[in-house]
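Asks: sharing a model prediction with you, sequence too.
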Amino acid sequence: MRMAAEEADHGRLILISPVFLGAGAATWFLAASNFPAVSLGLCLLVLVLAVALCGHSRARLRATLLALLLFAGGMLSAQIETWRAKTLILDSAVTTTVTGRVERREGDGQGRWRYILDITGTDAPELKRPPERVSVLVRGATQPFELGDVIEGRARMTPPAGPALPHLNDFAFSAYFDGIGANGFFYGAPKKVAEQPEQTGSVVGIVLERLYRLRTGIGDRIRSTLPGDTGAFAASLVTDERRAISDETTEALRQSGLAHIIAISGLNMALSAGIFFVGLRVILSLFPGIAQAWPTKKIAAAGALAAVTAYYLISGFAVSAERAFIMMAIMLVAVFFDRPSISLRNVALSALVILAVSPSEVLGPSFQMSFAATLALVAGYDLWKGRPMRENAFAKLPIMKPFVVVGGFFGGVFLTSLIGGFSTALFSIEHFHRLTAYGLPANLAAMPVISFIVMPAGMLAMLLMPFGLDGPVWQVAGFGLDLVIKIATTVSGWGGNIDVGRLPGWYFPTAVFGFLLLTLLRTRLRHMGTAIVAVSTLVVVLLPSQAMPDIAISEDGGLVAIIDGEAMASNREKPPAFIFEQWQRALAIEEHQKPVMIQAAKEPPTASDGKRLQLSPEQQDEAREAMKQAAGTSRPSRFSCLKSAWCTALLGNGKKLTVIENAAYLGPACDTADIVVTPVRLRFDRCRSGALLFTGETLRKTGSVELRFTDKGAEVATAFDTLRRPWMRHRAYDWRSNTFADASLSPVSDSGE
C-alpha cells in the first residue's frame, strides 16, 4: 500500500488514464453487439456527477470513479466514431461499370495506379447499395488521371476481406473507419468522362483536395529526380506513398526489421523536428543580439512545430503520421511553458488525444507498436536520468572526447534499438506471428545513415524545392537510401525470421498488462510487470497450446488447406498469396504441398453459350466414380484435382474432403465425401447424405472456417458468430429481397445490388 500511495503521489494515476480510455474503446469494438447509446450516456453522466460530488479526501474512491468514467468515455467515443464513419460496405463481389471522381492516387512503380474514387454512379448492373468510396487498381494506363477527374470503366468490385482465419485481422474493420466500402480493379484502362469540375463544397473539402494535389506533385517530383526504388523510398518518407517501392525491397526492409523507416512515424517526425529545432537554434545563436534579447529555444521550438505541421499536412494524413504529429506537437508546446518535452506525461496526453479522436486505432498494430516503443523509450530515459552519476577522468581527456561522442551515439542507437525491439516484440507476435532476429544489427547500421544523411538532406531538399534547387540535394539523400536498401538486402539474406504462430487468447492481454506495469510505474511495483510477462511467456512456451486445425477454409470457399504436421496441402497450385501467407504465418507452417492434377481420359463437361452446367445421370455417375478413385489412390492428406471441376482428398482419419468449382458436381460430391466445400452461393446449406457442406453463401456469413477433429466429432470454429456490428452487417444483406438475413439487423432503403 505504501508503494501504491507513492505511485499516486508521483502522479502515476494520470499516466494510467489512457489505459482505461483505450480499454473502454476496445471493449466496445470487440463486443458481439452494440451497447445502447442512451445507457452509455446516462452511465457517463452519473459517473461525472459522482466524481464531482466525491471529495478529494476520498482519494481511492475518486480514483476508482475516474477509472470507470474513462472506461465509459472510451466506449462512448467508440460509439461516436462509428456513427461518424457511416461507411457503406459492398455486400458481395460484383462486376459493374463504375463512374467516380478521383480523390487520391498512388503508383506502384510497375505502371499500375491505385485510385480512391468517390462513386457517382454504377451501371449494368446498377447497384442498389453502392459504396460511397472505393479503392481500385488501374493497369495499362499510359498516363495517370489527375485528382478531380471523373473516370468510367468496367470494374470488378469486392468487399474488404475478413479474417483469413478466426481471430486474425478483420480488414473490413479498418476499411470501415477509413471510409473505403470496396476494393477492386478495372478491366482495361478506364476513360475520362469529364474534365475536372470547379471545386465546390465545404472549405475543408477544398483544402484537403489541394493538399492531396500538393502531396501528389511532391511525390512525382521526387520520383522523377531519383529513379527506381531509391525515388520511391524517398517519396515514401515525405508523402507516405509506399506502393511504388518494389516487393523485393519492401520484403527486405520487413525481414531486416527496417520497415518502420518507410512509415511516417515517430522516428521521422522526431528527426525532422530535432534537425529543424537544432539547426534553427544554431543559426540564431550566430547573432548575439538575437540570442541575448530573444528566447531562441522557444523560437526554435515554434519553427520545429511549423515544420512538423507541414510534414503532417503533406503526408496524406496517415494514421502513423497523425499519432507522431500529435506526440511531437505536445512535446514542442511543452517547451513554450518550460516543461520537460520528453516525459511519460506527454506520452499519456498524446495517447488521450488520439484515443478520443480515433478510438478504433486502439486495436491496430500501428498504434499499439508505436506507443509501446515510445512508452518503453521514455520510461528507459527516465531511469537513465535518475541513475547515479560517476566522474570519469579518463573520459574527460581531450584526446578521448571524439571517441566518447561517437561511442555515445552508437550506444544510444544500440539501447534505443534494443528497447524498441523488445517493447514491440509482443505486438509483432500477436499481429504478424513472427519475430525479426536481426533487427538490432540492421538498425545499428542503418540509423546513422538515416539520421546524418537521409533526413537532413531530405529536409533541405524540401526547403529548396519551391525554388527548383532540390535536385542535387535529393541525390545526397538517394545515396543514403541506397545504403539503407543495401543494408536491408544484406541482413534479410541472413534469414533469421522466427515464425511463432498464433498464441493462446489469454496471453496477449496478460502480457500487455505486465508491460504497462513495467513502463508506467516507478517504484518496485513495476517489477510485478516483469514477473507477469516472464511467467506468462514461460507458460506459453512450456505448456501445450491449442491444437492445430485439421482443415482451413477461406471466407469465399475458393481456397481449402489440409494441415498435416509441418505441411499444408491446398487445392490450388498457386494459392492466393494474400490469404495463404497469413495462414502460413498464423500456423507457423512454411511447406506447401500442391495438389496432384488428374489426367482424365476425356475433358470434363463445360457449360456452353453462357448456360448453367448440368450433368446427365451418366456424367454424374462418371464424376462419382472418378472422385472415389481419386480419393482411394491419392496420398493421405493430399488433394487430387480434376482441372476446373473438383478436388478431393482422403484425410488422415479416414474422412473424405471434396472441393467443387461448379454446383453441377454437388450431387456426386455429397454422395462420396464427408465434407464438401464450394465457392458457389447455393440457397441451401446441407447435403442430403449428411455430409458437412460449406457454400459461398454460408461462408459469407460465417467468414473463414477452421475444422478440428476430436473424439466427439468435428469442431467448427468460424470468424464471425454474429453479424450485428456495422463493419460486419454487409455480410447478412440479401440484395434480392433488399433485407438483412439476420433478423436483428434493420434493412436499409438504399441497400442491394
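Replies: Okay, I see it. Since we're looking at a predicted model, the values are computed, not measured.

Asks: can I assume residue 634 is in contact with residue 649?
Replies: Yes. Judged on CB atoms under 8 Å, residue 634 makes contact with residue 649 at a distance of 6.5 Å. To be clear about C-beta, it is placed using only N, CA and C from the backbone, and glycine gets the same treatment.

Asks: what is in contact with the two at once?
Replies: Common neighbours of residue 634 and residue 649, counting by CB atoms under 8 Å, 6 or more residues apart in numbering, are residue 640.

Asks: please identify the buried residues of the longest strand along the chain?
Replies: Selection of the longest strand in the chain by residue count, based on DSSP state E, yields strand 94-107. Using 16 or more other CB atoms under 10 Å as the test for burial, strand 94-107 gives 94, 96-107.

Asks: remind me what that strand packs against, helices and strands.
Replies: strand 113-123, strand 133-138, strand 150-158, helix 203-225 (3 or more CB pairs under 8 Å, 6 or more residues apart in numbering; DSSP states H and E).

Asks: the more surrounded of residue 634 and residue 649?
Replies: Each of residue 634 and residue 649 has its neighbours counted (other CB atoms under 10 Å); residue 649 has more, 28 against 19.

Asks: beta-bridge partners for the more buried one, please?
Replies: residue 657 (DSSP bridges).

Asks: show the contacting residues for it.
Replies: Residue 649 sits in contact with 562, 569, 631, 634, 637-640, 656-658, where contact means CB under 8 Å, 6+ apart.

Asks: cool, and residue 517?
Replies: Contact analysis of residue 517 by CB under 8 Å, 6+ apart lists 525-526, 528-529, 532.

Asks: so it is in which element?
Replies: helix 507-520 (DSSP states H and E).

Asks: next, the angle helix 507-520 makes with the helix or strand that that helix is followed by.
Replies: As assigned by DSSP H and E, the chain's next helix or strand after helix 507-520 is helix 526-542. With axes from the mean of the first three to the mean of the last three CA atoms, to 10 degrees defining the directions, helix 526-542 sits at 150 degrees from helix 507-520.

Asks: could you list the buried residues of helix 526-542?
Replies: 526, 529, 532-533, 536-537, 540.

Asks: ok, which stretches of the stretch 351-500 of the chain are strands?
Replies: 434-436, 497-499 (DSSP state E, counting those that start in this stretch).

Asks: most neighbours per residue, which of these?
Replies: Greatest average neighbour count among those goes to strand 434-436 (a mean of 20), per mean count of other CB atoms under 10 Å.

Asks: in its sheet, what does that strand sit against?
Replies: strand 497-499 (antiparallel).

Asks: give me the contacts around the strand it pairs with.
Replies: With CB under 8 Å, 6+ apart as the criterion, strand 497-499 contacts 255, 433-437, 584-585, 588, 590.

Asks: quick check: the two most widely separated of those?
Replies: Spanning the widest gap among the contacts of strand 497-499 are 437 and 584, at 17.7 Å by CB to CB.

Asks: so which of those two has more stuff around it?
Replies: The neighbour count for residue 437 versus residue 584, taken as other CB under 10 Å, is higher for residue 584 (21 against 16).

Asks: any idea how the protein splits into domains?
Replies: What automatic domain parsing lists as the domains of the chain is 2-85, 94-194, 215-499, 507-542, 551-600+615-721.

Asks: now do the end-to-end distance for the second one.
Replies: In other words, domain 94-194. 25 Å (CA to CA, to the nearest Å).

Asks: do me a favour and average the pLDDT over it.
Replies: Across domain 94-194, pLDDT averages out at 91.

Asks: who's in contact with residue 459?
Replies: 272, 275-276, 307.

Asks: and for residue 428?
Replies: Here residue 428 is in contact with 365, 369, 434-436 (CB under 8 Å, 6+ apart).

Asks: cool, and residue 538?
Replies: For residue 538, no contacting residues are found, by CB under 8 Å, 6+ apart.

Asks: could you measure it against residue 273, distance?
Replies: Distance, residue 538 to residue 273, by CB to CB, to the nearest Å: 41 Å.

Asks: quick check: bridge partners of residue 136?
Replies: According to DSSP bridges, beta-bridge pairing links residue 136 with residue 115, residue 184.

Asks: how about the secondary structure of residue 502?
Replies: coil (DSSP: H, G, I helix; E, B strand; the rest coil).

Asks: circling back to that earlier point, closest one to residue 739 among the domains of the chain?
Replies: Per CB to CB, nearest to residue 739 of those: domain 94-194, 11.5 Å.

Asks: distance from the chain centre to the closest one, please.
Replies: Put simply, domain 94-194 sits 19 Å off its chain's centre (CA atoms, centre = their mean, to the nearest Å).

Asks: report pLDDT for residue 61.
Replies: Note on residue 61: pLDDT of 86.

Asks: ditto for the one 10 residues further on
Replies: As summarised for this prediction, residue 71 has a pLDDT of 95.

Asks: from residue 296, how far off is it?
Replies: Residue 71 is 44 Å from residue 296, by CB to CB.

Asks: and whichever strand or helix holds residue 709, what does it pack onto?
Replies: Of the helices and strands defined by DSSP H and E, residue 709 is found in strand 705-710. Applying 3+ CB pairs under 8 Å, 6+ apart, one finds that strand 705-710 makes contact with strand 551-553, strand 713-718.

Asks: which strands border the last one, and is each parallel or antiparallel?
Replies: Pointing back at strand 713-718 there. Strand partners for strand 713-718, identified by DSSP bridges, are recorded as strand 705-710 (antiparallel).

Asks: distance from the chain centre to the partner strand, please.
Replies: 27 Å.

Asks: related to what we said a few turns ago, now, which of the contacts of residue 649 lie within strands?
Replies: Members of the contacts of residue 649 lying in strands (criterion: DSSP E): 562, 569, 640, 656-658.
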